[in-house]
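A.B. asks: make a model of this:
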Amino acid sequence: MDTIQTTKRIYSVFTIMKFTYGIVPIVAGLDKFTNVLVNWEQYLNPTITASLPFSPHTFMMIVGVIEIVAGLIVLSKPAIGSYIVMAWLTLIAFSLIASKEYFDVAVRDLVMAIGAFSLAQIARITSESKVQSTHEKFAFS
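C.D. replies: Okay, here's the model as predicted:
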């Protein structure tokens, strides 16, 4: 397969992953305010809930803001935002595992964290490819 075709495929995968890992946290973050998709408080580790200085709902709204910001960073700076989403998903998974509930959700979040890490790696490749392409254009001009 030629380099141009490979590059196009990589950019296609990169674009799909960037929008997935950007939009999903934004939607989940917004839903922390409405609980339309799910009652998010049910996933809180009881130890965390007991130590909160405010209501679990307030905590989930703070979480929602963080998720919205993380999604926006993925959309604008995928190489950085993907690491943030990866870390966030990993922390959520560890919290679920520590609560000894929702192991299925924890596994899903760890798999999604691996995907976010993969997006960060692809973002680096596509960024380096753009820089190399720009240098080649100027070298032959």
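A.B. asks: what about residue 66, distance to residue 122?
C.D. replies: For residue 66, the distance to residue 122 equals 24 Å [Cβ to Cβ, to the nearest Å]. From N, CA and C alone the C-beta is placed, and that goes for glycine too.
A.B. asks: which residue packs closest to the residue nearest to the spatial centre of the chain, ignoring adjacent ones?
C.D. replies: Closest residue to the average C-alpha location of the chain: residue 85 at 3.2 Å, with Cα atoms, centre = their mean. Distance criterion Cβ to Cβ, 6 or more residues apart in numbering; nearest residue to residue 85, sequence neighbours excluded, is residue 116 at 4.4 Å.
A.B. asks: what's around residue 84, how many residues?
C.D. replies: Using other Cβ atoms under 10 Å, residue 84 has 21 other residues around it.
A.B. asks: that one: what's it in contact with?
C.D. replies: Neighbouring residues of residue 84 by Cβ atoms under 8 Å, 6 or more residues apart in numbering: 70, 73-74.
A.B. asks: hmm, 6 Å instead?
C.D. replies: Counting by Cβ atoms under 6 Å, 6 or more residues apart in numbering, residue 84 makes contact with residue 70.
A.B. asks: now the helix or strand where it lies: buried residues?
C.D. replies: Using DSSP states H and E, residue 84 sits in helix 78-98. For helix 78-98, a neighbour-count test (16 or more other Cβ atoms under 10 Å) marks 78-79, 81-86, 88-90, 92-93, 95-97 as buried.
A.B. asks: same question, stretch 55-63
C.D. replies: Neighbour counts over stretch 55-63 (16+ other Cβ under 10 Å) mark 59-61, 63 as buried.
A.B. asks: which one of those is nearest residue 33?
C.D. replies: Distance to residue 33 across the buried residues of stretch 55-63 (Cβ to Cβ) is lowest for residue 61, with 5.8 Å.
A.B. asks: convert the host helix or strand of that closest one to CSV, retaining C-alpha atoms only.
C.D. replies: Element membership for residue 61, per DSSP H and E: helix 56-76. Extracted in CSV, the C-alpha atoms of helix 56-76 (Å, rounded to 0.1, in the frame of the first residue of the first chain):
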residue,chain,number,x,y,z
PRO,A,56,-23.4,13.8,45.6
HIS,A,57,-25.5,15.7,43.0
THR,A,58,-23.2,18.8,43.4
PHE,A,59,-20.2,16.5,43.1
MET,A,60,-21.5,15.0,39.9
MET,A,61,-22.1,18.5,38.4
ILE,A,62,-18.4,19.3,39.2
VAL,A,63,-17.5,16.0,37.4
GLY,A,64,-19.7,17.1,34.5
VAL,A,65,-17.8,20.4,34.1
ILE,A,66,-14.5,18.5,34.2
GLU,A,67,-15.7,16.1,31.5
ILE,A,68,-17.0,18.9,29.3
VAL,A,69,-13.6,20.7,29.5
ALA,A,70,-11.8,17.5,28.8
GLY,A,71,-13.9,16.9,25.7
LEU,A,72,-13.3,20.4,24.5
ILE,A,73,-9.5,19.9,24.9
VAL,A,74,-9.6,16.7,22.9
LEU,A,75,-11.4,18.5,20.1
SER,A,76,-8.9,21.4,20.1
